[in-house]
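For reference, the sequence and a predicted model appear below.
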Amino acid sequence: MNARFAMYALKRLGMAILTIFLVVMITFFTMHAIPASPFSSEKAKSNATIAALEAKYGFDKPLGIQFLNYLKNVMVFDFGLSTAWVGSTVFDLIKSGFSYSASIGISAALIAIVLGIILGAIAALTRGRWPDKIVQVVTTAMVSMPSFVMATVLLLVISLQLGWLPSMGNQPGGLVLPIISLSLYPMAYITRLERSSMLDVLGQDYIRTARAKGLRSGLVIFKHALKNALIPVLTYAGPMIAYILTGSMVVENIFSVPGLGRLFVNSMLRTDYMMVMGVTIFLAILIIMLNFITDVLYKVMDPRIDLR
């Protein structure tokens, strides 16, 4: 089993590396296919100045050579120099923005997972009664509302009208509303997923056997039912992370959070293609590797999975 598990993990890792390579290649050639120059600005530049800038950033070399050099640098997380923020490397700017994005993303994911599991379990254990009906109505409303709509509503009501929390993400307490905005949809989805999984597990023969043996209801639920009901929730971890990271692109701009989302949008507006590529590839690597970890953990939690 250990040898098969190692082969399974290596296979998944190989697929992850291949996916990262494809993302780098597609991102690189897509950005270089854009006709606009990264050095175009309101201030007119002479041809000599543009040629000097292209030589500085390596844009004067053949496209194939540029790609090979860029691929080699990406392997050591060197995404080059920013063309808009002169004197700053892309990776340094990503690190400064990622601290905000990571705080929002991790907090939103933890809230979604913890509350989603608790509410889903409550709904399953009170099936057909008023707690279950309330949870279903609320979660249905939440899954039908995108994060940017929720962010706008929270900004208008909680911040501007009631004044309970600041509207700017760089102020004390300013990350609370972005975290709530990004956590509500995945929390609702996990709640519905946990409820369905819990109901399925509670109907299994081994649960009936455990109850027939006289085991306490709490022990049956927490030791047997809840553990197995968490497996489908784990499979949603990858898509949830992708949702939070992509949703933060808009939410961070709504609340003026100086994170990766705002950095990405500003890079697009300032035609900083090196920054756009760097942020895209960095987020892609993060999502792909987290999906790889999720696949491995899924096998650890459920040994019944066929290792192929």
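That came through fine. Since the structure is predicted, the reported quantities are computational estimates derived from the model, not experimental observations. Numbers count the residues shown, from 1 in each chain.

Against Tyr298, how distant is Thr191?
Thr191 sits 20 Å away from Tyr298, going by C-beta to C-beta, to the nearest Å. Every C-beta, even on glycine, is put in place using the N, C-alpha and C of the backbone.

actually Trp85, sorry about that
Trp85 is 40 Å from Tyr298, by C-beta to C-beta.

Give the rounded mean pLDDT of stretch 135-153.
The average pLDDT within stretch 135-153 is 86.

what packs against the strand or helix carrying Ala109?
Using DSSP states H and E, Ala109 sits within helix 90-125. Counting contacts by 3 or more C-beta pairs under 8 Å, 6 or more residues apart in numbering; DSSP states H and E, helix 90-125 is packed against helix 130-143, helix 176-202, helix 226-235, helix 237-254, helix 260-269, helix 273-301.

What's the mean pLDDT across the last one?
In other words, helix 273-301. On average, the pLDDT along helix 273-301 is 84.

Need phi/psi at Thr83.
Dihedral angles of Thr83 (phi, psi; degrees, to the nearest 10) stand at phi -90, psi -20.

Thought Tyr57 was touching it, still the case?
Yes: if you go by C-beta atoms under 8 Å, Thr83 and Tyr57 touch, sitting 6.7 Å apart.

These two: which is more packed in?
More neighbours surround Thr83 than the other of Thr83 and Tyr57, with 22 against 17 (other C-beta atoms under 10 Å).

Now the helix holding Ala109: buried residues?
For helix 90-125, the neighbour count (16 or more other C-beta atoms under 10 Å) marks 90-91, 93-94, 97-98, 100-101, 104-105, 107-109, 111-113, 115-117, 119-125 as buried.

you'd agree Arg12 is up against Asp295?
Yes: with contact defined as C-beta under 8 Å, Arg12 and Asp295 form a contacting pair (5.1 Å).

So for those two, which residue has more residues nearby?
Set Arg12 next to Asp295 and count neighbours by other C-beta under 10 Å: Asp295 wins out with 21 against 17.

Export only the CA atoms of stretch 241-252, formatted as CSV.
The C-alpha coordinates for stretch 241-252 follow below in CSV (Å, rounded to 0.1, in the frame of the first residue of the first chain):
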residue,chain,number,x,y,z
ILE,A,241,-9.7,28.1,-2.6
ALA,A,242,-10.0,28.9,-6.3
TYR,A,243,-13.3,30.7,-5.7
ILE,A,244,-11.9,32.7,-2.8
LEU,A,245,-8.7,33.7,-4.7
THR,A,246,-10.6,34.7,-7.9
GLY,A,247,-13.4,36.4,-6.0
SER,A,248,-10.8,38.5,-4.1
MET,A,249,-9.8,40.1,-7.3
VAL,A,250,-13.1,42.1,-7.3
VAL,A,251,-13.7,42.2,-3.6
GLU,A,252,-10.3,43.7,-2.8
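
contacting residues around that stretch?
Contacting residues not belonging to stretch 241-252 are listed as 100-101, 104-105, 108-109, 146-148, 151, 169, 178, 181-183, 185-186, 257-262, 264-265, 283, 286-287, 290-291 [C-beta atoms under 8 Å, 6 or more residues apart in numbering].
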